[in-house]
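Asker: Sequence and predicted structure are below.
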Amino acid sequence: MKILSLLIFFVINITCKENTTVYICNSPGAKKYHITSDCRGLSSCSYKIVKVDIDKAKKDGKVLCKWEK
């Protein structure tokens, strides 16, 4: 029974883990991060779109794009 409980715990933990990769426009004035690379908010980016860790994006002062709230 303990093994079954541990197995269920690990499966739930793996499936509920938050995605930690986000996308940002690499321009100096960019203030938002985006969950998906095809977000409407990234369509006006004339710089390179880069993948970063969500913690780094938040540390750099970026907030979630209004289109993805």
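Answerer: In hand now; what should we look at?
Asker: rest of the way, CA atoms for contacts and neighbours
Answerer: Will do.
Asker: The residue nearest to residue 37 when sequence neighbours are not counted - how many residues pack around it?
Answerer: Closest residue in space to residue 37, ignoring its immediate chain neighbours: residue 23 at 6.0 Å, by C-alpha to C-alpha, 6 or more residues apart in numbering. Counted by other C-alpha atoms under 10 Å, the residues lying close to residue 23 total 21.
Asker: Next, the contact list for residue 40, please.
Answerer: Counting by C-alpha atoms under 8 Å, 6 or more residues apart in numbering, residue 40 touches residue 67.
Asker: can you offset everything so residue one is 521?
Answerer: Yes, from this point I'll number from 521; that puts the last item at residue 560.
Asker: For it, what are phi and psi?
Answerer: Torsion angles at residue 560 (phi, psi; degrees, to the nearest 10) stand at phi -60, psi -30.
Asker: Look up how far residue 546 lies from it.
Answerer: Going from residue 560 to residue 546 by C-alpha to C-alpha, to the nearest Å gives 16 Å.
Asker: do the same with residue 584
Answerer: Distance of residue 584 to residue 546, given as C-alpha to C-alpha: 15 Å.
Asker: Now do the SS call for the residue nearest to residue 557.
Answerer: What DSSP: H, G, I helix; E, B strand; the rest coil gives for residue 543 is strand.
Asker: what separates it from residue 550, distance-wise?
Answerer: If you go by C-alpha to C-alpha, the gap between residue 543 and residue 550 works out to 11 Å.
Asker: One more: residue 562?
Answerer: 10 Å.
Asker: neighbour count winner among these two?
Answerer: For residue 562 versus residue 550, the count of surrounding residues by other C-alpha under 10 Å is larger for residue 562: 20 against 14.
Asker: And the more buried one, how far from residue 521?
Answerer: 49 Å.
Asker: next one: residue 543
Answerer: Separation of residue 543 from residue 521 (C-alpha to C-alpha) stands at 42 Å.
Asker: For the spatially most central residue of the chain, report the pLDDT, please.
Answerer: With distances taken as C-alpha atoms, centre = their mean, the residue of the chain nearest its centroid is residue 542 (3.2 Å). Looking at residue 542, its pLDDT stands at 97.
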